[in-house]
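Visitor: What follows is a predicted protein model with its sequence.
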Amino acid sequence: MSKHYFIGIQIPGREAALFNQMKTLMELDKTHKIPVAQEDMHITLFFLGAVEKDVLTKLIREIEVVAPKHTSFHLTSSSVKLFGNPVKPRVVYANIEENQELMNLQKELSNCVTSLSISRDDKPYVPHITLAKKWRNTEVLRPLSIFDTPVEFKVEHFYLYEIQPDKSPKYKPIAIFQLGEA
C-alpha cells in the first residue's frame, strides 16, 4: 500500500485542547465513527494522496522556496460548522475565519503541487479543523458549539505530513516549513 501525504498547519497545544473540549462537550464520539485526536488537529492546506518519493522530494524543495516568501499570520475560529446533511453531517468542524494570508499561501502551494503533476481537488478551498467525521447513525447531534471567546493562534510554520492510518497520532510530520518574519 502506498503512503499518502498532505500539507497542513498543526493546531498549537493550548488551542487544540480547547477544540478537543468542544468535541467532548458535543459528544461527537457518540455521533461519529472518527473523532479526531487532539494531537491530530490541523488545517489541511493541500491533500496530496499517494505520491512517489522522487516527486515528494521535488515538492519539498519547491515548498522550501515558497514558505519564506509568506510571513507568519494569525488565524481565528469562532464556531463549529458541518459538511453534509445538517441532521447527519459527515464532518463536524471548527471554522476558520477568512484570512487573506492563509488563502495566498494555500494558492501558492496548490500551484507548486500542480506544477509537479500531482492530482488536485478542484473543490473550493474551505479552511477548517475537523473535529469528527463519518456519521455513526445512532445518536442525535447535540447543538453546535458557539465559542464564548474566539480561539486565535499564530501560524509560523506548516508541515508535510505522512498519514499513518493504523497509528495514533495518525499524522506524522516529515518536513517542516518556516514562514518568513512578519
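Guide: Good, I have the coordinates. Residues are numbered from 1 along each chain as shown.

Visitor: Could you tell me which residues make contact with the spatially closest residue to P150 that is not a sequence neighbour?
Guide: Nearest residue to P150, sequence neighbours excluded (CB to CB, 6 or more residues apart in numbering): S78, at 4.0 Å. Any C-beta I mention is one placed from the backbone N, CA and C, and that applies to glycine too. Contacts here follow CB atoms under 8 Å, 6 or more residues apart in numbering; on that basis S78 touches N95, E97, I146, F147, P150, V151.

Visitor: tell me the SS of S78?
Guide: strand (DSSP: H, G, I helix; E, B strand; the rest coil).

Visitor: Distance check, it against E108.
Guide: Distance of S78 to E108, computed by CB to CB, to the nearest Å: 26 Å.

Visitor: what residues does the helix or strand of the chain with the lowest mean pLDDT touch?
Guide: Every helix and strand of the chain was ranked by mean pLDDT, DSSP states H and E. The lowest is strand 146-155, at a mean of 86. Strand 146-155 has contacts (CB under 8 Å, 6+ apart) with 9, 11-12, 15, 18-19, 22, 72-80, 94, 97, 102, 179.

Visitor: that older thread, reformat the contacts of S78 as a markdown table; add neighbour count and distance to D40.
Guide: Below are the contacts of S78 laid out as a markdown table (neighbours: other CB atoms under 10 Å; distance: CB to CB, whole Å):
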| residue | neighbour count | distance to D40 |
| --- | --- | --- |
| N95 | 16 | 18 |
| E97 | 14 | 22 |
| I146 | 9 | 24 |
| F147 | 16 | 21 |
| P150 | 10 | 22 |
| V151 | 20 | 17 |
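
Visitor: about what we covered before: partners of the following helix or strand past the least confident helix or strand of the chain, with directions?
Guide: Per DSSP states H and E, the first helix or strand lying C-terminal to strand 146-155 is strand 157-163. Strand 157-163 pairs in its sheet with strand 4-10 (antiparallel), strand 171-178 (antiparallel), by DSSP bridges.

Visitor: between the ones you listed, which gets nearest to V113?
Guide: Minimum separation from V113 across these (CB to CB) falls at strand 4-10, 8.1 Å.

Visitor: Output the closest one as PDB, restricted to C-alpha atoms.
Guide: What follows is strand 4-10, C-alpha atoms only, in PDB (Å, rounded to 0.1, in the frame of the first residue of the first chain):
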ATOM      1  CA  HIS A   4      -0.500   9.200   1.500                       C
ATOM      2  CA  TYR A   5       0.500  12.700   2.400                       C
ATOM      3  CA  PHE A   6      -0.900  16.200   3.000                       C
ATOM      4  CA  ILE A   7       0.400  19.700   3.700                       C
ATOM      5  CA  GLY A   8      -1.100  21.200   6.800                       C
ATOM      6  CA  ILE A   9      -0.900  23.500   9.800                       C
ATOM      7  CA  GLN A  10      -0.700  21.900  13.200                       C
END
